[in-house]
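J.: predicted structure and sequence below. I'll ask about it afterward.
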Amino acid sequence: MNTVFHPGSERGIVDHGWLQARHSFSFAGFFNPDRMNFGALRVLNDDIIAPGKGFGTHPHDNMEIVTIPQSGIVEHKDSMGHVQQLLPGEVQAMSAGSGIQHSEYNGSSSEPLKLFQIWVLPKERNVKPQYDQRAFLEEDRKNRFQFVASPNGIDESLSINQDAFFSLADFNTESSRTYEIQMPPNGCYLFVIEGTIQVEGETLGPRDAFGFWDAPSVDFLPTEDTRLLCIEVPML
């Protein structure tokens, strides 16, 4: 097994006033040659957007973009004609493919918007763009991994153009747990949203991350109630 540990404290920090962001990988004004990607996982941004503010219309192409709101309201609009609200408990997946324009705003005039925005390199380039979102029941991830985006629709997850699997999980401290690779020889990036886990000799707290590859699974022990985001990707 090969592993990497990314402390949350070493992420890039951005404060534009209306946007406060933490970048797990090199992005915009944050550059770290040791933090370019984890396999096909290129971007994991942890954003807080001020009320009424957001990202104006801008283009993307050949990227799989998954958005997971933690609190607040996302107002989404794109060149495919989608005008949507995205709420906590929902997940959005967008294949930018041959090209798309979109905007993302905080839909509240009084409350901040907190979200994760994640980019994964696509399996095929220049495909027809697509967009989808759906709600996922919180009780379906109690002490198990709930897949929310995948290439094969596991758990009625959203479809993406990559052999990658996004999952959320809420674990208590009853016993050790295991993440099993869905599509070998993928690797997996475990990102702690809340709580604490012990894995391969490391103790991970909120916003710490642990990646592993060249192994079919990894065992870990939650030492308190813990919420995880797991991103399994080809290691390129």
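T.: Sure thing, it's come through.

J.: now the helices for the protein?
T.: Listed in chain order, the helices of the chain (DSSP state H) amount to none at all.

J.: contact partners for the spatially most central residue of it?
T.: Closest to where the C-alpha atoms of the chain average out (CA atoms, centre = their mean) is Ile118, at 4.4 Å. With contact set as CB atoms under 8 Å, 6 or more residues apart in numbering, Ile118 has these partners: 41, 43-45, 65-68, 166, 231. Every residue, glycine included, has its C-beta placed from N, CA and C.

J.: same thing with Ser24?
T.: Ser24 is in contact with 6, 11, 35, 43-46, 191, 209, counting by CB under 8 Å, 6+ apart.

J.: show me those residues that map onto strands.
T.: Secondary-structure check on the contacts of Ser24 using DSSP state E: residues within strands are 6, 43-46, 191, 209.

J.: out of those residues, which comes closest to Ser175?
T.: Of all these, Phe191 has the smallest distance to Ser175: 21.4 Å, by CB to CB.

J.: pretty sure Asp140 sits against Gln146.
T.: Yes. Using CB atoms under 8 Å, Asp140 is in contact with Gln146, at 5.1 Å.

J.: can you redo the contacts of Ile118 as JSON lines with neighbour count?
T.: Written out in JSON lines, the entries for these read as follows (neighbours: other CB atoms under 10 Å):
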{"residue": "Leu41", "neighbour count": "27"}
{"residue": "Val43", "neighbour count": "20"}
{"residue": "Leu44", "neighbour count": "25"}
{"residue": "Asn45", "neighbour count": "22"}
{"residue": "Ile65", "neighbour count": "20"}
{"residue": "Val66", "neighbour count": "23"}
{"residue": "Thr67", "neighbour count": "20"}
{"residue": "Ile68", "neighbour count": "24"}
{"residue": "Phe166", "neighbour count": "25"}
{"residue": "Ile231", "neighbour count": "26"}
